[in-house]
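[1] Build me a model from this:
(one chain, ligands or ions: 1)
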Amino acid sequence: MTKSYYITTPIYYVNAPPHLGSAYTTLACDVIARFKRLDGFDVTFLTGTDEHGKKVADSAKEEGLTPEAFTDKYSQIFRDLTKALNISNDDFIRTTEERHHKACEAMWNKLEENNQIYLGVYKGWYAKSDEAYYTDDEVEVRADNKVICKASGKECVWEEEPCYFFPLSKWKDRLLQFFDEKPDFIFPRSRREEVINMAKALDEKKPTGEPKYDIPISRSKFKWGIPVPGHPDHVMYVWIDALANYITGVGYPDVESESFKNKWPADVHMIGKDILKFHTIYWPAFLMAANLEPPKRVFAHGWWTNEGQKMSKSLGNTISPYDLIQTYGLDQTRFFLMRAFPFGKDGDFSEKAIFERVNTCLANGLGNLALRSLTMLQKSFDGKMPVPDDLTSNDQKQLEKMHGLVDDVRKSIDKQAIHSALDEIWDGVSATSKYFTNQSPWKLAETDPKRMGTILYVTAESLRHIAVLAQPFMPDSMNKMLDQLGAPSDKRTIASLTWEGALKPDTALPLPTVIFPRYEMKELVPQEPKKRARVGNSRMPGF
Ligand code: MSP
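    Here you go, the predicted structure:
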């Protein structure tokens, strides 16, 4: 039976347009989902939009729209971005959908049935931008008297309201035991310590004696949310609603369905580091309390800055993925975002960096190697894949190196070390370039065409390995390259990376064309980030 693989992005708040950060998470999941599909897995890749809560309700009001009309409009913008980025998601969930309401109600009822909900009054800090509650120690008063969360820098207001609570304090030991039993639950491992420390504090009390970290899971001051079953004066807290999207997406509450049984627990929830607590503390506790298994892994990636500055709407320096695609091309943008810095760490965007990467690795590197070798095949072999002669030890070494790539790339993808997977593929590109230069087939056209044909065959076969493995990163361009190499469309999976799947001699090849154009430095206009023509949401449809 085909093994299933379930991967999710966070669901995006619809109060602001998508930017580089949201595109990044979705893209990383897309690369992994595409790789797993190529590797024979039955993949379910879920993304979507988070549409309830105070933040969205207030944004709708500011725009003079009903929350329904507002969320319809902005959710579509996120859906459009998935198309523009060539994202291969299997489903797009909206938390305003009926299927999700049903799932949330069922989860709530289960928690209630299991005595995991009690009524109380919340008195404390709330940051609308984060949709999060903070304790006194987590906030500080700024010089302008505003109270801000120390970690996120977001403004907090004092809230007092009747709420239903989840007794998180009681889950401390169970969570710590779970982290101990599942050392691979939190990735990268460097984030584990932080989560374990959070869990160790869960039974602390407020000076009043109340549990400090029990979570208010309903709100009674506004209506834009999923009504609490049996208590219509409360709506569910947006995070319990949002997290539940991951089970709605595979058929909850029908836990006996084939879908739920095969796909839950999810293989990976991909998130940004700012929402680690919700996914590694709240979510496993909610799930265990509702008799469900926690996901197998939560991977928290780092954050992008723009030319050294934090990206924010107020600074006007957010980067529109549409602008990057328009300037550099879709696959070039996908490649750059995944290659710019190690996945899991923070990193900085600069136009110089993208310009250099795209030219060096794609136009001058892989693209040039493919074009030169394929042009030689056209000129000297009538556009047909030559029949290779006996292989020298250099040829064999080169092909063995190519055959070894897949295991390394697979291991990296399974650790979500996406940058390492690209490094490994690019080691293959460098090895092939070196082989091609050292063997210098162009010198043999007159003297030894048979040897020239063998070298070009080995080069083409090496390029096939590279293109198959790089498809998840640059699907269109790599398919174009595989077309130019004469690789049949049913021989582009990971399983085809064997000797049996090798390129067939005598295959007629189409005329090669440039896959990665070279960019001119003059396209870069050095400006202050704020005034830069290609940042902001200038070309974001609908904004
Ligand atoms: N709605 C919640 C998630 C609920 S998941 C059950 C949310 N939404 S968000 O739209 O604010 O953020 C979505 C993701 O974008 C988060 O993972 C966040 O880390 C990521 N990013 C936002 N800005 C980012 C950067 N500058 N860089 C990288 N990722 C960033 O949180």
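
[2] Looking at the stretch 201-350 of the chain, which residue is nearest the ligand?
    Of the residues in the stretch 201-350 of the chain, the one nearest the ligand is G272, at a distance of 1.6 Å by Cβ to the nearest ligand atom. Where C-beta positions appear, they are placed from N, C-alpha and C, glycine not excepted.

[3] Report pLDDT for that residue.
    The score at G272 is 96. That number is its pLDDT.

[4] same deal with the one 10 residues further on?
    The predicted structure scores Y282 at 98 on the pLDDT scale.

[5] Surely it and P216 touch.
    No: look at Y282 against P216 with Cβ atoms under 8 Å: they stay out of range, at 11.7 Å.

[6] ok, N245 touching F92?
    No: in this structure, N245 is not within contact of F92 by Cβ under 8 Å, at 10.6 Å.

[7] anything in contact with each of these two?
    Shared contacts of N245 and F92 (Cβ atoms under 8 Å, 6 or more residues apart in numbering): 46, 48.

[8] looking at the sheet around the residue of the stretch 201-350 of the chain closest to the ligand, what are its partners?
    Under DSSP bridges, the beta-bridge partners of G272 are H301.

[9] hang on, it packs against A300?
    Yes: with contact taken as Cβ under 8 Å, G272 and A300 are classed as touching, separated by 6.6 Å.

[10] So which of the two has more stuff around it?
    Set side by side, G272 and A300 show more neighbours around A300, with 23 against 17, by other Cβ atoms under 10 Å.

[11] pLDDT wise, what is that one at?
    The predicted local confidence for A300 comes out at a pLDDT of 98.

[12] Would you agree it is in contact with K277?
    No: taking Cβ under 8 Å as the definition, A300 is not a contact partner of K277, at 10.1 Å.

[13] Next, the contact list for K154, please.
    The neighbours of K154, taking Cβ under 8 Å, 6+ apart as the test, are 127-130, 148.

[14] Between which two of those residues is the distance greatest?
    Comparing every pair within the contacts of K154 by Cβ to Cβ identifies K128 and I148 as the most remote, at 12.3 Å.

[15] Now do the shared contacts for these two.
    In contact with both K128 and I148: 154-155, using Cβ under 8 Å, 6+ apart.

[16] what about the nearest residue to V141 once chain neighbours are set aside, distance to W158?
    If you skip the residues right next to it in sequence, V141 has V147 as its closest partner in space, 5.6 Å away by Cβ to Cβ, 6 or more residues apart in numbering. V147 sits 8 Å away from W158, going by Cβ to Cβ, to the nearest Å.

[17] what do those two both touch?
    Once Cβ under 8 Å, 6+ apart is applied, the residues that V147 and W158 both contact turn out to be W125.

[18] Give the burial count for the residue of the stretch 51-200 of the chain found nearest the ligand, as a bare number.
    Residue nearest to the ligand within the stretch 51-200 of the chain (Cβ to the nearest ligand atom): E131, separated by 7.5 Å. Applying other Cβ under 10 Å, we find 21 other residues in the vicinity of E131.

[19] wait, doesn't it sit right on A57?
    No: distance between E131 and A57: 11.0 Å, which falls outside the contact criterion (Cβ under 8 Å).

[20] Quick one: residues contacting the residue nearest to V141.
    Residues counted as contacts of V147 (Cβ under 8 Å, 6+ apart) are 125, 139-141, 155-158.

[21] What is whichever helix or strand L337 is part of packed up against?
    For L337, the host element (DSSP states H and E) is helix 330-339. With contacts defined as 3 or more Cβ pairs under 8 Å, 6 or more residues apart in numbering; DSSP states H and E, helix 330-339 has these neighbours: helix 20-38, helix 321-328, helix 351-357, helix 418-439, helix 475-484.

[22] Which of those sits closest to W171?
    helix 20-38 (26.9 Å).

[23] Now do the closest one against helix 475-484, angle only.
    On the basis of axes from the mean of the first three to the mean of the last three Cα atoms, to 10 degrees, helix 20-38 is oriented at 40 degrees to helix 475-484.

[24] Y133 belongs to a strand, doesn't it?
    Yes: according to DSSP: H, G, I helix; E, B strand; the rest coil, Y133 belongs to a strand.

[25] Please tell me how far it sits from W158.
    Distance from Y133 to W158, by Cβ to Cβ: 11 Å.

[26] Which one's more surrounded, these two?
    Y133 (21 against 10).

[27] What residues does the more buried one make contact with?
    Residues in contact with Y133 (Cβ under 8 Å, 6+ apart) are 122, 124-126, 215-216.

[28] Of these - the most surrounded one?
    The most crowded member of those is I215, carrying 23 neighbours; neighbours defined as other Cβ under 10 Å.

[29] what bridges to that one?
    Beta bridges link I215 to F166 when assigned by DSSP bridges.

[30] Hmm, it is touching L168, no?
    Yes: taking Cβ under 8 Å as the contact criterion, I215 and L168 are neighbours in contact, 5.2 Å apart.

[31] Pull up the overlap in contacts between the two.
    Y282.

[32] picking that back up, so which of the contacts of K154 is the most crowded?
    A127 (22 neighbours).

[33] Need the nearest residue in space to that residue, chain neighbours excluded.
    Closest to A127 by Cβ to Cβ, 6+ apart is K154, at 4.2 Å.

[34] quick one: contacts of stretch 115-123?
    So stretch 115-123 is in contact with 108, 111, 133, 158-167, 210, 214, 216-217, 289-290, going by Cβ under 8 Å, 6+ apart.

[35] List the buried residues of that stretch.
    For stretch 115-123, the buried set under the neighbour-count rule, 16 or more other Cβ atoms under 10 Å, comprises 116-117, 122.

[36] Tell me, domain by domain, which residues of the chain belong where.
    By the record's domain assignment, the chain is partitioned as 4-319, 352-496 (automatic domain parsing).

[37] which stretch among those domains comes nearest L509?
    Comparison of the domains of the chain against L509 by Cβ to Cβ identifies domain 352-496 as nearest, at 4.9 Å.

[38] so how far is the first residue of the closest one from its last?
    37 Å (Cα to Cα, to the nearest Å).

[39] Quick one: mean pLDDT over it.
    If you average the pLDDT over domain 352-496, you get 97.

[40] Just put the contacts of K154 in TSV and tack on distance to K379.
    Listed next are those as TSV, based on distance: Cβ to Cβ, whole Å:
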residue	distance to K379
A127	65
K128	65
S129	61
D130	61
I148	66
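
[41] Sort out which of those residues are in strands and list them.
    Of the positions in these, 127, 148 sit in strands, assigned by DSSP state E.

[42] related to what we said a few turns ago, quick one, what contacts the residue of the stretch 201-350 of the chain closest to the ligand?
    Taking Cβ under 8 Å, 6+ apart, we find G272 in contact with 10, 21, 25, 300-303.

[43] Residue numbers of the protein in contact with the ligand?
    For the chain, the residues found near the ligand under the criterion Cβ under 6 Å from any ligand atom are 10-13, 21-22, 24-25, 50, 242-243, 245, 271-272, 274-275, 303-304, 311.
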